[in-house]
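Student: Take a look and give me a structure for this.
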Amino acid sequence: ENTISMSDLQLGSVLTVDYQEVFKIAEIHETVKEKMLSEYGVDKPDYSVSVSNPKGSHLLYITVSSGNPEEAKLIADAYSEVVQTYIEKQMELRKPQILESAQIPLKPVTPDIGSIVLKAAGIGALAAIAVLVFLFLLDNKIRTGEDVEKATGLATFGMLPRQSAKADYYETRHRGETDKKTHIAEIRQDLALDYAGDEVINAICSNIAFAGKKIKRIAITSQNADNGKTYLAIRIAHGMTKRGKAVLLIDGDLRKSALVNRYGITHTKEGLSHYLSGQAELDRVIYQTNIPNLYLLPVGKLVQSPLSLLTSEEFDRLMEDAGREFDAVIVDTPPVGAVIDAAEIAKRCDGSILVLPYNKITKDGLKKLVRTMEQTRTPVIGCIINNVTMSKLDRKRYDYGYGYGYYEYGSAEKRNRKSGKRR
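Tutor: This is a model prediction of the structure:
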């Protein structure tokens, strides 16, 4: 697992070329000038800078030309430090290593003596070179669908760009036709995404459809609690309803659920824990929502030790009945890295989807996560990379990840459904 493959070498070469583009960003040059003024008292230095990448290497050479050799060295070193920080902080990638600081040249680089005589020029420019080596091959974070495929062989259903934080609430409640026996729960927070986000959710729903007719009950899980599994679970369920599917969203995190509070869901006094403990019938804990075709089974009262409830006959029966009555069942599970609840829930599902935080989980961490879920004997049908940073330099890699998988665009063909399903 520690060997360097041809794909690793190719990735390192691609990133090296990309990072040369950093030197075209105006912010970099302004930061260097501010650094020269604040640290060395050099105001408005007169110089030129260039960057090169020797063919076949993962090195960048920074060359600064100036009439003052000491000043050229300081400027070259400043560029090394500023670019190093920008890559780590702004692009959220591993901090590159400065292999060699700039050296003060012993003689002018250009023009040479012949040029001085011919052009009668008395002042030459001196150059200083700083070398950056980028440790791409040691950076094993998951950022693209290719990373996922190389580590696990799994498909990436979509890469969701980072969305702006908002807490908008529906001003108008849209209700479809309601069942007389079904309670109404209001999801007050707006679930809308930007255009790119909507397209990714659409792609994810298409991928799920192409996973097969038998994949109806799906566990959405992740390595840690802050990876965005709940955020994606409710939006995937919402996306499926737009295709005319009757969808049940189950909040399966009986220990630390945040779904009801986070999305301003009201009128849900009883839930999953009440049903599994025998305190309520199933019809009392399944709520129709103000979003047409979306039904909700909230967590109910939180339970410190829910394992006995999740391994009960009641939970088995619930998942079997839900699979028959609804077109799709989405289960928001606890994170895999914290407790074994997610694995127990996945055993009762037809497939699971892993939510991976962009540039945070390592390839080894992903492999461990997949192995844990595979022990349930429920297939991992795909992954979603969440909270993708959409900088200019990331866009071409995002385009690859966005189109990755085996889905196709367009509305899914409507299927005839068995009678008795909720509408």
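Student: Partner strands of whichever strand or helix holds residue 158 and their direction?
Tutor: If you go by DSSP states H and E, residue 158 is part of strand 156-161. When pairs are called by DSSP bridges, strand 156-161 turns out to pair with strand 380-388 (parallel).
Student: to the chain's geometric centre, what's the distance from the partner strand?
Tutor: Centroid displacement of strand 380-388 relative to its chain, using C-alpha atoms, centre = their mean, to the nearest Å, is 7 Å.
Student: how about the strand holding residue 158: buried residues?
Tutor: 156-161 (16 or more other C-beta atoms under 10 Å). Where C-beta positions appear, they are placed from N, C-alpha and C, glycine not excepted.
Student: Strands along the stretch 301-423 of the chain, start to end?
Tutor: Ranges of strands within the stretch 301-423 of the chain are 328-332, 351-357, 380-388, based on DSSP state E, counting those that start in this stretch.
Student: buried ones in the shortest one?
Tutor: Read it as strand 328-332. Buried, per 16+ other C-beta under 10 Å, within strand 328-332: 328-332.
Student: ok, back up a step: now the buried residues of strand 156-161 as a markdown table including pLDDT and distance to residue 27?
Tutor: Conversion of the buried residues of strand 156-161 to a markdown table gives the following (pLDDT from 0 to 100; distance: C-beta to C-beta, whole Å):
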| residue | pLDDT | distance to residue 27 |
| --- | --- | --- |
| 156 | 96 | 31 |
| 157 | 96 | 35 |
| 158 | 95 | 31 |
| 159 | 94 | 26 |
| 160 | 94 | 27 |
| 161 | 92 | 22 |
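Student: Tell me how many other residues crowd residue 24.
Tutor: Neighbour count of residue 24, defined by other C-beta atoms under 10 Å: 10.
Student: would you list the buried residues of strand 156-161 in JSON lines and tack on distance to residue 196?
Tutor: Formatted as JSON lines, these follow (distance: C-beta to C-beta, whole Å):
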{"residue": "156", "distance to residue 196": "16"}
{"residue": "157", "distance to residue 196": "15"}
{"residue": "158", "distance to residue 196": "10"}
{"residue": "159", "distance to residue 196": "10"}
{"residue": "160", "distance to residue 196": "8"}
{"residue": "161", "distance to residue 196": "5"}
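Student: for these, which one is nearest residue 341?
Tutor: The nearest member of those to residue 341, counting by C-beta to C-beta, is residue 157 at 23.1 Å.
Student: wait, doesn't the closest one sit right on residue 386?
Tutor: No: using C-beta atoms under 8 Å, residue 157 makes no contact with residue 386, being 11.1 Å away.
Student: so which of the buried residues of strand 328-332 would you say is closest to residue 192?
Tutor: For these, the nearest to residue 192 is residue 330 (18.4 Å; C-beta to C-beta).
Student: Specify the beta-bridge partners of the closest one.
Tutor: Note on residue 330: beta-bridge partners by DSSP bridges are residue 218, residue 249.
Student: and the gap between residue 284 and residue 345?
Tutor: Relative to residue 345, residue 284 is positioned 21 Å away (C-beta to C-beta, to the nearest Å).
Student: More neighbours: which of these two?
Tutor: A direct count of neighbours by other C-beta under 10 Å for residue 284 and residue 345 places residue 345 higher, at 27 against 16.
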